[in-house]
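Student: Pasting the sequence and the predicted model now:
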Amino acid sequence: MENLLRSSPNIARMEDGDGFLLLHYAAERGAPVKVVRELLAAHREAAGARDEASWLPLHYAAVNGASVEVVRELLA
């Protein structure tokens, strides 16, 4: 992830057709805290970004059993 963000820094800000950012996908799919930190470092506001269903990345993390560390990063 670090290399991807370094080579394409704006990728963390790109939304898909449903309003998902990479952070939404990372939270939904149980990405490790390191990946979540890297995405937040690239686009801090992503933690507060709502998708088309008005869900935050935190919602996806909670529903999918994310680690306490990931939840803390999303709340920080």
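Tutor: Cool, got the structure. Numbers count the residues shown, from 1 in each chain.

Student: only C-alpha atoms for contact and neighbour calcs from this point on.
Tutor: Will do.

Student: Where is the longest helix in this structure?
Tutor: helix 33-42 (DSSP state H).

Student: chain center to the very next helix or strand once past that one: distance?
Tutor: With elements assigned by DSSP states H and E, the helix or strand that comes after helix 33-42 is helix 57-63. Remark: helix 57-63 is offset 10 Å from the chain centroid, using Cα atoms, centre = their mean, to the nearest Å.

Student: Same question for stretch 7-22.
Tutor: How far stretch 7-22 lies from its chain's middle: 10 Å, per Cα atoms, centre = their mean.

Student: Just the CA trace of that stretch, in PDB.
Tutor: What follows is stretch 7-22 as a C-alpha-only set of coordinates in PDB (Å, rounded to 0.1, in the frame of the first residue of the first chain):
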ATOM      1  CA  SER A   7       3.400   6.400  -6.700                       C
ATOM      2  CA  SER A   8      -0.200   7.600  -6.900                       C
ATOM      3  CA  PRO A   9      -0.900   9.800  -3.900                       C
ATOM      4  CA  ASN A  10      -4.300  10.900  -5.100                       C
ATOM      5  CA  ILE A  11      -5.600   7.300  -5.200                       C
ATOM      6  CA  ALA A  12      -6.700   7.500  -1.600                       C
ATOM      7  CA  ARG A  13      -9.100  10.400  -2.600                       C
ATOM      8  CA  MET A  14     -10.700   8.600  -5.500                       C
ATOM      9  CA  GLU A  15     -14.300   7.400  -5.100                       C
ATOM     10  CA  ASP A  16     -16.000   4.600  -7.000                       C
ATOM     11  CA  GLY A  17     -19.600   4.800  -8.300                       C
ATOM     12  CA  ASP A  18     -21.000   4.000  -4.800                       C
ATOM     13  CA  GLY A  19     -18.900   6.700  -3.000                       C
ATOM     14  CA  PHE A  20     -16.400   4.200  -1.600                       C
ATOM     15  CA  LEU A  21     -12.900   5.300  -1.000                       C
ATOM     16  CA  LEU A  22     -10.000   2.900  -0.500                       C
END
